[in-house]
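In: Just the structure for this:
(4 chains)
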2 protein chains.
Amino acid sequence: MSRTPHHPTREQIELPMVLDCLSDPIRLAIVYQLAQQERVSSELRCSDFSALSGKSNLAYHFAKLRDCGLMQTRVAGTNRFMRLRREDLEARFPGLLDAVLGSAAKDADRLPLLPECELVEVDRK
Amino acid sequence: MSRTPHHPTREQIELPMVLDCLSDPIRLAIVYQLAQQERVSSELRCSDFSALSGKSNLAYHFAKLRDCGLMQTRVAGTNRFMRLRREDLEARFPGLLDAVLGSAAKDADRLPLLPECELVEVDRK
DNA sequence: TCGATAGTTCAATAAACATTGAACATAGGA
DNA sequence: TCCTATGTTCAATGTTTATTGAACTATCGA
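Out: Numbers count the residues shown, from 1 in each chain, chains lettered A, B, ... in the order given. Here you go, the predicted model:
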């Protein structure tokens, strides 16, 4: 369990996979929450998303988000810290992530899982 | 068959449905080809996409693209003319369509269905 | 060493999806 | 009026997807 999971290289990131990942409401909410948090700290733990779904379902969505290159997981003890791969996304698909996040923000009240994304106070090593 | 099919209003267009539609390679190619064609004429017929798949499969994808609000179908005789709902998309999700189209153009050589989209000469009523 | 915590993996299930061909509907031209 | 061209709809098929709970693994702290 301690092995750090597989991530695609920047060049391996594919547009259809990224769009498909973002089309799921739970995954969009995860990405949105990561983006919100970016202003404060670039990383969040799995448990910070527990409002969105159960543990095993979240693990499933995290794996998809990793596989498509949207986010990166760093293993530290029993925790996994997630962050958006913003630079890689921007390099591959300029403006795409911001357009999606902006659209999501604009529709936050219509996307059921988004409003629950408050900023999480950060004080962890 | 002459009834013009259902289209969502601008306000009914939903982000997850739009992203899901664009995540399919065939539908992305349809949208891409419509966007290419836009410089010349805003409309294309179903049969202009025959390189992408068979008739009935295309009808299936056209229906999805209509349902999510990405394109509009106008019935004229036995033909259907399709066009991108650019203004509506831009109003709902500013910059999104262009970001996706730009990303697709950048990856055109990696998206198998895109290179076959040449400009179609236009001379129809 | 033991127990609690954090998260993954697996198996099972139901729903959604893409694809195909056949049948159908409609309009236009010979 | 009949034939053809254009597209849609339907049924059937196989695949992928999301979701759930249970079992499992690994790490940390008491």
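In: so who does A:Ala99 touch?
Out: B:93-96, B:98-100 (Cβ atoms under 8 Å, 6 or more residues apart in numbering or on different chains). In short, each C-beta sits where N, CA and C put it, glycine included.
In: Which parts of chain A are strands?
Out: A:44-45, A:71-76, A:79-84 (DSSP state E).
In: so what strands line up beside the first one?
Out: By that I understand strand A:44-45. Here strand A:44-45 is paired, per DSSP bridges, with strand A:79-84 (antiparallel).
In: Show me which positions of the strand it pairs with end up buried.
Out: A:80-84 (16 or more other Cβ atoms under 10 Å in any protein chain shown).
In: before we move on, back to that, with respect to A:Glu11, which of the strands of chain A lies nearest?
Out: Smallest distance to A:Glu11 across the strands of chain A (Cβ to Cβ): 15.4 Å, for strand A:71-76.
In: Tell me how far the residue nearest in space to the middle of chain A lies from DNA strand D.
Out: The centre of chain A sits closest to A:Val31, judged by Cα atoms, centre = their mean, with a distance of 3.4 Å. Using Cβ to the nearest atom of the strand, to the nearest Å, A:Val31 is found at 13 Å from DNA strand D.
In: A:Asn79 too?
Out: Distance of A:Asn79 to DNA strand D, given as Cβ to the nearest atom of the strand: 8 Å.
In: Go ahead and confirm A:Gly102 touches B:Gly95.
Out: Yes. If you go by Cβ atoms under 8 Å, A:Gly102 and B:Gly95 touch, sitting 6.8 Å apart.
In: What residues does chain A have near DNA strand D?
Out: A:1-2, A:20, A:24, A:26, A:53-57, A:60-61, A:64, A:77-78 (Cβ under 7 Å from any atom of the strand).
In: List only buried entries from those residues.
Out: Buried among those by 16+ other Cβ under 10 Å: A:20, A:24, A:26, A:53, A:61, A:64.
In: Chain B contacts on chain A?
Out: With Cβ under 8 Å from any Cβ of the partner chain as the criterion, chain A meets chain B at residues A:14-17, A:19-20, A:22-25, A:28, A:92-96, A:98-100, A:102-104, A:106-107, A:110-111.
In: Which of these fall in helices?
Out: A:15-17, A:19-20, A:22, A:25, A:28, A:92, A:96, A:98-100, A:102-104, A:106 (DSSP state H).
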